[in-house]
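> got a structure for you, letters missing:
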């Protein structure tokens, strides 16, 4: 992993980068340039991670903000893919990112279900109130 500090990049160079993204280039490169430009504008540091990079369970637990015990339960259930190196486990960065995306999607869906349930409940209360 390599961290690139964006705070020292002048604002005019950030704007030049955003303009470069609007030239005829591949969509993938355009997305990269726009993301880098946004990070510079917001003062967020960039972290470059190799796809083949692996993390220890302790590193993953820290990143996800959970105990190692809970992480091992997720690993044992196969919710996060891992592989063994001797007796130790390693988690590929791509598998970790995939888990994080699934978890965010699950949280969004749950929030939408609760919001819909609240709306349905409020509508039922209004309908009952109208009948009284």
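Perfect, thanks for sending it. Just so you know, these numbers come straight off a predicted model, no measurement behind them. Numbers count the residues shown, from 1 in each chain.
> now stretch 74-82: buried residues?
For stretch 74-82, burial by neighbour count (16 or more other CB atoms under 10 Å) applies to 74-75, 80, 82. Backbone N, C-alpha and C define where each C-beta goes, glycine included.
> which among those gets closest to residue 19?
Minimum distance to residue 19 across those is 40.1 Å, recorded for residue 80 (CB to CB).
> and that closest one, that one's in a helix?
No: using DSSP: H, G, I helix; E, B strand; the rest coil, the secondary structure at residue 80 is coil, not a helix.
> just checking, it touches residue 74?
Yes: the pair residue 80 / residue 74 is scored as a contact, 4.9 Å apart, by CB atoms under 8 Å.
> shared neighbours of those two, anything?
Common contacts of residue 80 and residue 74 (CB atoms under 8 Å, 6 or more residues apart in numbering): residue 99.
> make a markdown table from the buried residues of stretch 74-82 and add pLDDT to it.
Shown next, in a markdown table, are the buried residues of stretch 74-82 (pLDDT from 0 to 100):
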| residue | pLDDT |
| --- | --- |
| 74 | 96 |
| 75 | 96 |
| 80 | 95 |
| 82 | 95 |
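> and which of those is nearest residue 36?
The nearest member of these to residue 36, counting by CB to CB, is residue 80 at 28.4 Å.
> now do the contacts for the closest one.
Contacts for residue 80 (CB under 8 Å, 6+ apart) come out as 60, 71, 74, 91, 95-96, 99.
> same deal with residue 5?
Shown in contact with residue 5 (CB under 8 Å, 6+ apart): residue 45.
> which helix or strand contains residue 84?
Assessed by DSSP states H and E, residue 84 sits inside strand 83-85.
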